[in-house]
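[1] Got a sequence here, can you build the structure:
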Amino acid sequence: MFGELLEAKESKVFVRNATGFVRDFGALDALLFSSAMVFALIFTTVQFAWFYGNTGGANLPLALVVAAIPFIFLMVSYWAIAVVMPRTGNDYVWVGRIFHPSIGFAWGLLYMFIVLFVAFVGAGVAPFSYAFSISLTTLGLIANSSTLTNLGNFLGGTTGTFELSIVLTFIFAAFSIFGSRFIKGLMYGSWVAALVGIALMWYILSTVNPQTFASNWNALLVPSLGNNATYQALQSSGMAAGFVGQVAPSGFTAIAGALPLASLFLLGGNYTNAFVGEIKDVKKSIPIALFLSLLFGIIFWSVTAILTLNAVGQNWMYAVGYAYDVGKFSLPFPPSQPLMLAVAAYPNNALITVMFITYLIGSLAPIFAYFWIASKYIFAWSFDRVIPSKFADISERFRTPHLAIIAVVVLGVVSEYVYFLLGWSGSFTMGTVIWDVSYVVPGLALAVFPFVKKDIFSQAPGFVRMKLAGVPVMSIVGIITAAAFAWEGYIGFITPAAAVPTQFGYYLVGSVIALAFVIYAASWAYHKHEGLDLSMALKAIPPE
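    Alright, predicted model coming up:
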């Protein structure tokens, strides 16, 4: 009788007594997802020109090593969160259960907005369009084909990029709805192409020096674009735009100034926690995914950065990157990694073509991962009844939240439209500042967890319950995580090279937070009228 009453009570709190998901993903799957969100071919598209131009040529590998320190604490935090509350939308559930459901929802909505706006659109579909554009344009220059060149120019423009982003969004929605087999097929297929692409990229970059690169650049681009497009002219234009450095800045001050930008190279691996409720053997799978993705990310970015600078020339990259960042780059397309790889491989047309194919196919996994992750938060909110419960419906055939995925399509298209209004700099202002600062909240939740959830803390795994001089180690880890990312966000906010705050950006972020509290208040009032106190009900951890 008691069990029936408890079941009836739980059925009123949550949409049903189980999420409906199946634990289809293993440790390797989790590692592929987390790694794809930290490093990928697509992320290299304009990252080096952007980083070196904005930092005057700061040492990226060293900045990554320093930036990894707070990320280690972040990964420990998310490891603890995963094993204590292994649920879909894991960090949203964590924040809402420890603080207040309204705070959890407001934090989760802003966090998901950053996932879609900055990661999916700003670092995913927009660079993919640039990469696709420059691939077609370069092939058009090589083959003297105006058709390819014109198509590349179209895709590189705002309209073409927007249209391609919508096409990708619908394709990803189809894979998401059709279930784990399709999802794994896309992820594994893209990763195979990515590994080939990474090997090709490193090989191509290792076979040239700045002198050969300059000669290839002039031979490939000058006949079509004129003398203003020469290797030497572009470096001079960067100097004329205001770049005055000749060597990379050194010292801790330079590294500290570059940290907000360097941290963007490492963000993302912890997003695996969003589908932790679908991962097998969480205690082993999650730490493998979190820590290896961070390590692999540092290795990937460091090796790629060193090889790229050695191939194209450090001072050239710094000057050209600066010109690009301040809007003084004189070519009709950005100084992207695909373009520099094509120049380095010129005149080997077969190698260039294979490189472009693997680059593009290998870039699908990370873009898809960020799209798919967003649907987990929508599902979790709906399962909690904060938003309409229909979004938690699970397809009986595919075991996927089809309505939540459709909602992500709508939000994705809106995010793409807003991105093209706000632009690259506005997007990465939010990425640099808000993405960093967002981790303050789960860090603080971890810090107070042993004191506000004593019953759960007492049953947590041994490493979570460890104490140092009577103080829970997780509280120390949480405080360090919160302080470190608050500091990084602050440094990013006050550093002009890292952030370009706009009035529209302020309004946008403020509107998202305000909307979250309005939605929660409306949901609370509705369910109160129906006899359910949502704020009290959501103190319970949702079922698996």
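[2] For the stretch 401-544 of the chain, which segments count as strands?
    Per DSSP state E, counting those that start in this stretch, the stretch 401-544 of the chain carries strands over the ranges 467-468, 471-472.
[3] any chance of the ones you listed in CSV, with distance to N228 and mean pLDDT too?
    All C-beta atoms are positioned from the backbone trio N, CA, C, and that covers glycine. Converted to CSV, the strands of the stretch 401-544 of the chain look like this (distance: least, Cβ to Cβ, whole Å; pLDDT from 0 to 100):
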stretch, distance to N228, mean pLDDT
strand 467-468, 62, 92
strand 471-472, 62, 94
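[4] I'd like the distance between the closest residue to F117 other than its chain neighbours and A305.
    Closest residue to F117 apart from its sequence neighbours, by Cβ to Cβ, 6 or more residues apart in numbering: S415 at 4.6 Å. S415 sits 29 Å away from A305, going by Cβ to Cβ, to the nearest Å.
[5] Those two: which has the busier surroundings?
    S415 (26 against 22; other Cβ atoms under 10 Å).
[6] returning to what we had before: hey, which of the strands of the stretch 401-544 of the chain is tucked in deepest?
    strand 471-472 (a mean of 16; mean count of other Cβ atoms under 10 Å).
[7] Each with direction, which strands does that strand pair with?
    strand 467-468 (antiparallel) (DSSP bridges).
[8] For the strand it pairs with, give me every contacting residue.
    V473, I476 (Cβ atoms under 8 Å, 6 or more residues apart in numbering).
[9] Could you count how many residues lie near the closest residue to G20 other than its chain neighbours?
    Sequence neighbours aside, I394 is the residue nearest to G20 in space, at 3.6 Å (criterion: Cβ to Cβ, 6+ apart). With neighbours defined by other Cβ under 10 Å, the count for I394 comes to 21.
[10] now swap in G470 and tell me
    Counted by other Cβ under 10 Å, the residues lying close to G470 total 5.
[11] Okay, now the unreliable bits of the protein?
    1-12, 245-251, 422-432, 495-505 (pLDDT under 70).
[12] so what's the backbone phi/psi at the residue nearest the centre of it?
    The C-alpha lying nearest the average C-alpha coordinate of the chain belongs to A119 (Cα atoms, centre = their mean; 3.8 Å). Backbone geometry at A119, expressed as degrees, to the nearest 10, gives phi -80, psi -50.
[13] That one - nearest residue in space that isn't next to it in sequence?
    Y370 (4.4 Å).
[14] so that neighbour sits right up against T272, yeah?
    No. The pair Y370 / T272 is not scored as a contact, 11.8 Å apart, by Cβ atoms under 8 Å.
[15] rewinding a little: what separation do you get for the residue nearest to the centre of the chain and S382?
    22 Å.
[16] about what we covered before: show me what contacts the residue nearest to the centre of the chain?
    M37, L267, G268, Y370, G431 are the contacts of A119 under Cβ under 8 Å, 6+ apart.
[17] And I494, by the same measure?
    Contacts of I494 by Cβ under 8 Å, 6+ apart: none found.
[18] Tell me the secondary structure at L267.
    Using DSSP: H, G, I helix; E, B strand; the rest coil, the structure places L267 in coil.
[19] Please list all residues in contact with it.
    By Cβ under 8 Å, 6+ apart, the residues touching L267 are M37, V38, A119, G431, W435.
[20] before we move on, the earlier item: joint contacts of Y370 and T272?
    M37.
[21] Looking at these two, which has the bigger crowd around it?
    Using other Cβ under 10 Å as the criterion, Y370 and T272 rank with T272 on top: 29 against 24.
[22] is it true that that one touches I286?
    Yes. Between T272 and I286 a contact is recorded at 7.0 Å, counting by Cβ under 8 Å.
[23] what residues are shared contacts of the two?
    Between them, T272 and I286 share the contacting residues A30, I279, judged by Cβ under 8 Å, 6+ apart.
[24] hey, where'd the helices end up in the stretch 251-400 of the chain?
    Assigned by DSSP state H, counting those that start in this stretch, the helices in the stretch 251-400 of the chain fall at 252-264, 282-312, 314-325, 337-345, 349-361, 364-383.
[25] Redo the contacts of A119 as CSV? Include distance to A537.
    Below are the contacts of A119 laid out as CSV (distance: Cβ to Cβ, whole Å):
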residue, distance to A537
M37, 32
L267, 33
G268, 32
Y370, 31
G431, 34
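[26] any idea which of the residues you listed is the one closest to F252?
    Of all these, F252 sits closest to L267, with 22.1 Å by Cβ to Cβ.
[27] From Q314, how far off is that closest one?
    For L267, the distance to Q314 equals 26 Å [Cβ to Cβ].
[28] In contact with the residue nearest to G20, which residues?
    T19, G20, F21, T400, P401.
[29] So which of these wins on neighbours?
    P401 (28 neighbours).
[30] From G462, how far out is it?
    Distance from P401 to G462, by Cβ to Cβ: 34 Å.
[31] For Y419, see how far away the residue nearest to the centre of the chain is.
    Distance from A119 to Y419, by Cβ to Cβ: 11 Å.
[32] and if you look at W381?
    For W381, the distance to Y419 - Cβ to Cβ - is 23 Å.
[33] Assign the closest residue to A521 other than its chain neighbours to helix, strand or coil.
    The shortest distance from A521 to any non-neighbouring residue, by Cβ to Cβ, 6+ apart, is to S102 (7.6 Å). Under three-state DSSP, S102 falls in the helix class.
[34] name the helices or strands packed onto the lengthiest helix in the chain?
    Ranked by residue count, the top helix of the chain under DSSP state H comes out as helix 402-438. Judged by 3 or more Cβ pairs under 8 Å, 6 or more residues apart in numbering; DSSP states H and E, helix 402-438 is in contact with helix 101-114, helix 158-177, helix 252-264, helix 364-383, helix 473-494, helix 503-529.
[35] What distance do you get for N315 to N153?
    29 Å.
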